[in-house]
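Sequence isn't available, so here's the structure alone:
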DNA sequence: GCTGAATAATTGATCACTCAATTATACCGC
DNA sequence: GCGGTATAATTGAGTGATCAATTATTCAGC
């Protein structure tokens, strides 16, 4: 018996993500944030209200609610995000991106786009289409 | 400014890996091992000598040497792997898969192949080819 | 064959995250 | 409007990894 073709694909995927993740995290630390923190800012920045419920953030970035609490604490301390109360639901504490957070995100985004472009230079348009088709099929 | 197409691909990849990793880890815990431990057994089992240097293992699975030491400790205790000394180089401590480790791996491999097959059922042969082309281009 | 640089492994301290339990609030059926 | 259940967030304890420092050994140049 041996590893199946499907299994091999999963292993390759895991490898791929590990390698690329490391290469993309490095440049971000120049801005003082981790990849995960970058993703948080990205989602908050994309949100129409520029704020989100912690639990929705958790869902989006693939962490637990607990993980989100712990991730946001230092980000609040350095002023990238701030707590807001929900008028509708007192259980909820919204988290909003600040002006400082927005500026840092814009800088970091530039860096991220650059390193992504560099890392993915070997791929052509066909690869891009194929990948998004694969991701679409699997993430549904 | 916004996220580039390349950047978006990286974010999708990260998402994909997070989701799939979780789904594939669950079934493995029935065998009492984590995904990472499974990978260790896989590499040891594939090795011609059925043993490896810790540092090579680290390289293969994308951990630091330190991480490997800490990962292998419990695996040694429950007898899945065992330490061997290198005749040639007294600095290295080889790690070998045991009979018990081999048996557990064979069982776990079956489980892993099954869940991989299930998870990747939406993909066709063309997707498989495209993915391995992409991975090949990026991991070189 | 000695000295200094490189390599292999481990250890202490720390970080990022999880899970289980807890607290607070909201919602639903009666 | 009350009681029970579901949901949002936080906290304590534990896990899996990192980094920097340390120890032991090997190798390369002289």
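Sure, I can see it. Nothing here was measured: the structure is a model prediction, and the numbers come from that model.

contacts for stretch A:95-112?
With contacts defined as CB atoms under 8 Å, 6 or more residues apart in numbering or on different chains, stretch A:95-112 is touched by A:24, A:27-28, A:30-33, A:38, A:41-42, A:44-45, A:49-54, A:57, A:72, A:75, A:79-84, B:1-3, B:7. To be clear about C-beta, it is placed using only N, CA and C from the backbone, and glycine gets the same treatment.

Buried residues, that stretch. List them.
Within stretch A:95-112, the residues scored as buried using 16 or more other CB atoms under 10 Å in any protein chain shown are A:95, A:97, A:98, A:101, A:104, A:105, A:108, A:109, A:111, A:112.

same question, stretch A:74-83
For stretch A:74-83, by 16+ other CB under 10 Å, it's A:75, A:80, A:81, A:82.

Quick check: the gap between the most centrally placed residue in chain A and DNA strand D.
Closest to where the C-alpha atoms of chain A average out (CA atoms, centre = their mean) is residue A:39, at 2.6 Å. According to CB to the nearest atom of the strand, to the nearest Å, residue A:39 and DNA strand D sit 17 Å apart.

Residue A:90 too?
9 Å.

what's the pLDDT at that residue?
At residue A:90, the model reports a pLDDT of 95.

next one: residue A:128
For residue A:128, pLDDT reads 96.

Assumed it was part of a helix.
Yes. According to DSSP: H, G, I helix; E, B strand; the rest coil, residue A:128 belongs to a helix.

what's near enough to touch it?
B:5, B:9.

Just the buried residues of the longest helix anywhere in chain A, please?
Ordering each helix of chain A by length in residues (DSSP state H) puts helix A:5-29 first. Residues of helix A:5-29 classed as buried: A:6-7, A:9-17, A:20, A:24, A:28 (neighbour count, 16+ other CB under 10 Å).
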